[in-house]
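**Q** Provided below for reference: sequence and predicted model.
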Amino acid sequence: MRVLRDDALESGDQRLGTRFWIFPQPPFIPGYEQPDRVWLPIPRDEIGEGPSDAMMYVVDPVYDKQPYGFDRLPPFRGAMHSPATPGPDRHFDYISPDSRAFLSVHAYACVHFVLSIWQNYIGRPIRWFFDQTFPRLEIVSFVNWDNAQAGYGFLELGCSDTDGIRRPYALNFDTIAHEIGHLILLSETDVPTALTREGDFFPFSEAFSDVVSLISFLHFDSAIDRLLRRTKGNLLLYNELNRFAETSPESQIRLATNFRRMSEVTREVHDRALPFVGAIFDSIVEIYHRELVARDCADRGLLDIDLRHLARDDFERFRTATAEAFRIKPMIFGLALRAARDAVGQALAGSLRTLDPDTLRLDQAATAVIAAASQPAATVLESNFVWREIIVSR
Ligand SMILES: [Zn+2]
């Protein structure tokens, strides 16, 4: 009897998943020095040393490794640091963030964290676009190279070097989420084979990856909590009076709060991606406001004015009212932001399968996102894509 009960407990606990630490922002960012403990939805007995599983594995080369490229592809066959191993309870949260092995464990956890979020939005398992050649993704947790890249069968993480201080991208959730964004997009649309000159596949890929990073970041309860507490629930970032965006420690938010329209950007892919990212962020904020109004936490007047041209008086009035409501009902603000995040995440994910990577233009991508959105998100997204000059108003 006792054995049976223990077995039942053991298997129930197994299904809970496996524990890891993730830094939602790199640990040198003020306010983010401590990692969050996350449960990845993978049974403990399915994760081996490395870590590794049926979908991916981590390698940590001993010597400087040449970055992967056209004629250099996985698997890595050189000397490797000994792989990270699970603790006696088969969880990975016993590994000290100061240790070498933590880089591998952290990178692995970030990749799975992002994948599981987007798999939820997409509604079916994500299969690597390269799985005919490489059944598993190889994650190289440290390369002495100031870059991070994802490609055919790999995710490779270097380190930034500022004044001699090296900071591994393996500890940078934002960077990893962005790179996984590229892989998710290719896995859903397939690889472009005959790009046209007018095509926007690469700018869209950059925009999508930035949004994957932003929306995935908003899946840390601690991140939503910190963001709302710091702003007292006020995400009115447009206004020049509000310096929040520029000084925001969250890199995703700094990037997403731009004012660029299509007539103001060059053909360079990252530049051309900015209006799309901005439209998505604006939409999240606007849907958040609607949610706040619907939940009796903000003045209805918030929905009737163009927030980009808010007068100082109006701004102050909204800020005071929001701060007062936030003081009493912070939890409702968290629910509102999560609802806005998911409405937009769902729309983006729903659009992917309808896109043709060879001929894709940003206006088509925007139209597909609107078509995949439910109301009122669709209306909000449309008006923001119009303001950004990505589509013309109908
Ligand atoms: Zn990129």
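**A** Noted; the coordinates are in hand.
**Q** Spell out which residues make up each domain of the protein.
**A** Following automatic domain parsing, one gets these domains for the chain: 18-189, 201-387.
**Q** okay if I get those domains as TSV plus mean pLDDT and distance to residue 393?
**A** To be clear about C-beta, it is placed using only N, CA and C from the backbone, and glycine gets the same treatment. Shown next, in TSV, are these (pLDDT from 0 to 100; distance: least, CB to CB, whole Å):
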stretch	mean pLDDT	distance to residue 393
domain 18-189	95	27
domain 201-387	89	5
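**Q** Mean neighbour count added to these, as a markdown table?
**A** Below are those laid out as a markdown table (neighbours: other CB atoms under 10 Å):
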| stretch | mean neighbour count |
| --- | --- |
| domain 18-189 | 18 |
| domain 201-387 | 19 |
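**Q** Dump the ones you listed to JSON lines, plus distance to residue 195.
**A** Conversion of these to JSON lines gives the following (distance: least, CB to CB, whole Å):
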{"stretch": "domain 18-189", "distance to residue 195": "12"}
{"stretch": "domain 201-387", "distance to residue 195": "6"}
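**Q** Near the ion, which residues of the stretch 101-250 of the chain are found?
**A** Proximity of the stretch 101-250 of the chain to the ion, by CB under 5 Å from the ion, involves residues 206, 209.
**Q** Which parts of the stretch 101-250 of the chain are strands?
**A** Counting by DSSP state E, counting those that start in this stretch, the stretch 101-250 of the chain has strands at residues 137-140, 148-151, 154-157, 159-162, 165-168.
**Q** Which parts of this structure are helices?
**A** For the chain, applying DSSP state H gives helices covering 2-16, 100-122, 173-189, 201-217, 221-231, 244-247, 251-256, 269-294, 312-328, 330-351, 362-372, 377-387.
**Q** For the longest one, name the packing helices and strands.
**A** Going back to what we said before, that points to helix 269-294. Counting contacts by 3 or more CB pairs under 8 Å, 6 or more residues apart in numbering; DSSP states H and E, helix 269-294 packs against helix 201-217, helix 251-256, helix 330-351, helix 362-372, helix 377-387.
**Q** Would you format those as TSV with distance to residue 187 included?
**A** Listed next are the helices and strands packed on helix 269-294 as TSV, based on distance: least, CB to CB, whole Å:
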stretch	distance to residue 187
helix 201-217	12
helix 251-256	22
helix 330-351	12
helix 362-372	17
helix 377-387	23
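**Q** Of all these, which one is nearest residue 45?
**A** The closest of those to residue 45 is helix 201-217. By CB to CB, the value is 26.4 Å.
**Q** Now do the closest one against helix 330-351, angle only.
**A** On the basis of axes from the mean of the first three to the mean of the last three CA atoms, to 10 degrees, helix 201-217 is oriented at 150 degrees to helix 330-351.
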